[in-house]
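Trainee: what's the 3D shape of this:
(one chain, ligands or ions: 2)
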Amino acid sequence: MAHYGDFQLEIYFGGLHGVLPKYPVDFAGLERRAEAAMAPSLLKYVQGGCGDELTQRRNAEAFGHWGLVPRMMVDCSARDLSVDLFGMKLPSPLFMAPIGVTGLCTQDGHGDLAAARAAAQTGVPLVVSTLTNDPLEDVAAAMGDTPGLFQLYTPKDPELAASLVGRAEAAGYKAIVVTLDTWVTGWRPRDLNESNFPQLRGHVLSNYWSDPRFRQMTAKPPEEDVAGAVMTWAGTFGKVLTWDDMPWLRSLTKLPIILKGICHPDDVRRAADAGADGIYCSNHGGRQANGGMAAIDLLPDVVAAAGDMPVLFDSGIRSGSDVAKALALGATAVGVGRPYSYGLALGGTEGAVHVLRSLLAEADLLMAVDGFPDIAALRAAGAVRMG
Ligand SMILES: Cc1cc2nc3c(=O)[nH]c(=O)nc-3n(C[C@H](O)[C@H](O)[C@H](O)COP(=O)(O)O)c2cc1C
Ligand SMILES: O=C(O)C(=O)c1ccccc1
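Mentor: Numbers count the residues shown, from 1 in each chain. Ligands and ions are numbered 1, 2, ... in the order given. Take a look at the predicted model:
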């Protein structure tokens, strides 16, 4: 039986023939390489966060005060990392979180397609941002048999919202992830000090440019007047959503709706009452609000309130043990964010695949050593809070 952990032996055996891994297998090494390779403005945008980035740092550091307790004499020679999510049988609990500048992360500007191909190669689903350099239909087509989810930034124009969701459904996406925490952009000093905001320079707006409704909203076709179209985009980008909008959102699609940015158990209950199908616990990687708690510390209460609803999680996942801890604390599926952007920047599809395989190999080997043959066992064991 093949296991994700086999990547380890592949690397060691490669070394016997003088072949070393092309990219670092750890986050710190990966980030160092990305710092040297990426264009400074893109690096700032990806690496940076809100305020003094306290929440962003906490997100990653907080995994350190959660511990797994190993169990021995359990046969873990065969491991099963698969999970069920809305009827999809996924080979692993990992997914790629939506990253709106994925398109820019490869030099050719087609990073969204490169990420989609990484999804195709690994079976790790990609949550495709509203902000892409290639239209959502083209990104879906590059995913092969791996399911994709579409992340919606809900525009103020209701017809544009309906059009984007309808296109996603028609293109075969399996769920709509509605991001709630970004109708306005957080205070990001690294970007502000350089006036660095890629969208306002006309990047990653292809889903708008290609949209029939958006094209009705601009005076001239976007190709002829990028600056004008960008202003139309800025005018419609972020609708202020409240619970009263849920019936309308629900009416747009038959697909499962997942609400991204939910961190409070009362909001979980309201989401369930309002007809949401899934919860996505995340603080946007500390990019939107600073001063908050680490997302992983909020996950247990979110899971408890969610009952049978699946809970997706991201914010601070940097290693396979982080993945395992999020699962032990009740996440149904775990999102990797910044690390795969760095993988894309270093080696396109190959680099992203490397990052995903490294995370999965570490999680798999941890489960093997610690006596958890599958995700259910990990979840049943839980994690212990220290300090
Ligand atoms: C550069 C960048 C762009 C992002 N763009 C989006 C986006 O378009 N839509 C969205 O819902 N979240 C977006 N996010 C948030 C991610 O989906 C995810 O919540 C975050 O990256 C998790 O934090 P981590 O990468 O530090 O683990 C973005 C994150 C980064 C780093
Ligand atoms: O950069 C982000 O995190 C992001 O998702 C975003 C997208 C559009 C406007 C502001 C923030």
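
Trainee: Please name the residues that touch the residue of the stretch 51-200 of the chain found nearest ligand 1.
Mentor: Closest residue of the stretch 51-200 of the chain to ligand 1, C-beta to the nearest ligand atom: residue 100 (2.9 Å). In this view, the C-beta of every residue, glycine as well, is placed from N, C-alpha and C. For residue 100, the contact set (C-beta atoms under 8 Å, 6 or more residues apart in numbering) comprises 129-132, 199, 204.

Trainee: could those residues go into JSON lines alongside neighbour count?
Mentor: Shown next, in JSON lines, are these (neighbours: other C-beta atoms under 10 Å):
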{"residue": "129", "neighbour count": "25"}
{"residue": "130", "neighbour count": "23"}
{"residue": "131", "neighbour count": "25"}
{"residue": "132", "neighbour count": "29"}
{"residue": "199", "neighbour count": "17"}
{"residue": "204", "neighbour count": "24"}
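
Trainee: For the stretch 1-150 of the chain, what lies in contact range of ligand 1?
Mentor: Within the stretch 1-150 of the chain, the positions lying close to ligand 1 (C-beta under 6 Å from any ligand atom) are 45-46, 59, 97-101, 129, 131.

Trainee: Go again with 5 Å.
Mentor: 46, 97-101, 129, 131 (C-beta under 5 Å from any ligand atom).

Trainee: Go ahead and confirm residue 53 touches residue 289.
Mentor: No: judged on C-beta atoms under 8 Å, residue 53 makes no contact with residue 289 at a distance of 11.6 Å.

Trainee: quick one: which of those two has more around it?
Mentor: residue 53 (19 against 16; other C-beta atoms under 10 Å).

Trainee: if I pick the more buried one, what's in contact with it?
Mentor: Residues in contact with residue 53 (C-beta under 8 Å, 6+ apart) are 286, 290.

Trainee: how much space between it and residue 372?
Mentor: 33 Å (C-beta to C-beta, to the nearest Å).

Trainee: Need the nearest residue in space to the residue nearest in space to the middle of the chain, chain neighbours excluded.
Mentor: Nearest to the geometric centre of the chain sits residue 97, at 0.7 Å (C-alpha atoms, centre = their mean). Take residue 97 and drop its neighbours on the chain: the residue closest to it by C-beta to C-beta, 6 or more residues apart in numbering is residue 335, 3.7 Å away.

Trainee: residues near residue 81, how many?
Mentor: Residue 81 has 24 nearby residues by other C-beta under 10 Å.

Trainee: Repeat that for residue 144.
Mentor: 11.
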